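*Asks:* What would the 3D arrangement of this be:
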Amino acid sequence: MASTETTTPAEDAGGRAGGDAGDLAGLEAGLDALETRQSGRTPFRQTFTQKILPPAVAVLLVLAVWQALVSFKIVDDPSKLPAPSDVWSVVQDAWLQGELLGYIWTSVSRGLLGFCLALVIGTPLGLLVARVKVVRAAIGPILSGLQSLPSVAWVPPAVIWLGLNNSMMYAVILLGAVPSIANGLVSGVDQISPLFLRAGRTLGATGLKGTWHIVLPAALPGYVAGLKQGWAFSWRSLMAAEIIASFPDLGVGLGQLLENGRNASDMAMVFEAILLILVVGIAIDLIIFSPLERWVLRSRGLLVKS
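*Replies:* This is a model prediction of the structure:
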């Protein structure tokens, strides 16, 4: 006769409890693994090969092509394309004469101050447009239109209204940067989940308190993208203003240096100004905005340290 094994209800309950405990332990281990962040510093070799070497190779390639165009007489007129060594000589002369840092500081100080003013104006404006439907309907399309308007278009009226002074420069920067910052914040607020806003209101975060603790932190990715674009517009607006509205009392910035090179038909000076404008723009992005963007993405688990 075949024997059958029977289990008591207590044994069944114990088995299920053991299985549930094992499942919970596995779930906790999985969650701990997800939350575990890689520690330690990235090896220099990996940093060098992934972040330093590629742009260095690209720069060397551009210089090699540039030098080949001059050496093989593909462009044999120095007044149209000077050799890299000629441009370097102009940069070196400006450094030795103590003028190079003056060119850079004149433009960078204007650009950063104008951007800070645009930040102070664009942030509350963006919040107002994002949170008040009537304001969005009234000036939302205007902000989008201003963002697409070339900054150089504001230089002539700014000169007529304010004259040839620093106020004119700042006005052009504001008109170029404020719409980008405001629209970036509006885009970030629009991407906030309604659940966050309802949860904040349930916990008593309303009005300015809700804006500070709920809306702004949740809108940071779009806001940072708007800040980055706002700086790009600020820098381009400033260069346009310095090129068009040059005046001795304003000092010589990078845009004025570019215009001086054009007036003197000195292509080496023109390339000097172009390279300095490019280097300053890249440096500001790498020093300020790229770390800020990485911090925002990493704080949301969207960027894993490699």
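*Asks:* Contacts for stretch 182-196 next, please.
*Replies:* 122-123, 125-127, 129-131, 136, 140, 143-144, 147, 214-215, 218-227, 229-230 (CB atoms under 8 Å, 6 or more residues apart in numbering). (C-beta placed from N, C-alpha, C; glycine too.)
*Asks:* And the buried ones among those, selectable in ChimeraX?
*Replies:* Here is the ChimeraX selection string for the buried members of these, based on 16 or more other CB atoms under 10 Å:
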select :122,123,125,126,127,129,130,136,140,143,147,214,215,218,219,220,221,222,223,224,225,226,227,229,230
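*Asks:* And residue 157, how far from residue 176?
*Replies:* 13 Å (CB to CB, to the nearest Å).
*Asks:* ok, back up a step: give me the subset of the contacts of stretch 182-196 lying in helices.
*Replies:* 122-123, 125-127, 129-131, 136, 140, 143-144, 147, 218, 220-227, 229-230 (DSSP state H).
*Asks:* Could you pull up the residues touching the residue positioned nearest the centre of the chain?
*Replies:* Centroid check for the chain by CA atoms, centre = their mean gives residue 228 as the closest residue, at 2.5 Å. Counting by CB under 8 Å, 6+ apart, residue 228 touches 285, 289, 293.
*Asks:* List the contacts of the nearest residue to residue 143 once chain neighbours are set aside.
*Replies:* Nearest residue to residue 143, sequence neighbours excluded (CB to CB, 6 or more residues apart in numbering): residue 179, at 4.7 Å. Residue 179 makes contact with 122, 143, 144, 146, 147, according to CB under 8 Å, 6+ apart.
*Asks:* Also residue 86?
*Replies:* 78, 268.
*Asks:* Could you grab the helix/strand/coil label for it?
*Replies:* Here residue 86 is recorded as helix under DSSP: H, G, I helix; E, B strand; the rest coil.
*Asks:* and if you look at the one 5 residues further on?
*Replies:* When the structure is split into helix, strand and coil by three-state DSSP, residue 91 lands in helix.
*Asks:* Distance check, it against residue 239.
*Replies:* For residue 91, the distance to residue 239 - CB to CB - is 18 Å.
*Asks:* ok, back up a step: residue 157 and residue 176: which has the busier surroundings?
*Replies:* residue 176 (30 against 13; other CB atoms under 10 Å).
*Asks:* Tell me who's in contact with that one.
*Replies:* 151, 154, 233, 234, 236, 237.
*Asks:* so residue 79, which of the three states?
*Replies:* What three-state DSSP gives for residue 79 is coil.
*Asks:* Skipping its backbone neighbours, what lies nearest it in space?
*Replies:* residue 267 (5.9 Å).
*Asks:* Let me see the contact set for that neighbour.
*Replies:* Contact partners of residue 267, counting by CB under 8 Å, 6+ apart, are 78, 79, 80, 81, 82, 261.
*Asks:* what about it, distance to residue 246?
*Replies:* Distance from residue 267 to residue 246, counting by CB to CB: 19 Å.
*Asks:* Which residues outside stretch 87-105 are in contact with it?
*Replies:* By CB under 8 Å, 6+ apart, the residues outside stretch 87-105 that reach it are 251-254, 257, 266, 268-269, 271-273, 275-276, 280.
*Asks:* ok, 7 Å please
*Replies:* 252, 253, 254, 257, 268, 269, 271, 272, 276, 280 (CB atoms under 7 Å, 6 or more residues apart in numbering).
*Asks:* What are the buried residues along it?
*Replies:* For stretch 87-105, burial by neighbour count (16+ other CB under 10 Å) applies to 87, 90, 91, 94, 100, 103, 104.
*Asks:* Before I go, just wanted to say thanks for your time.
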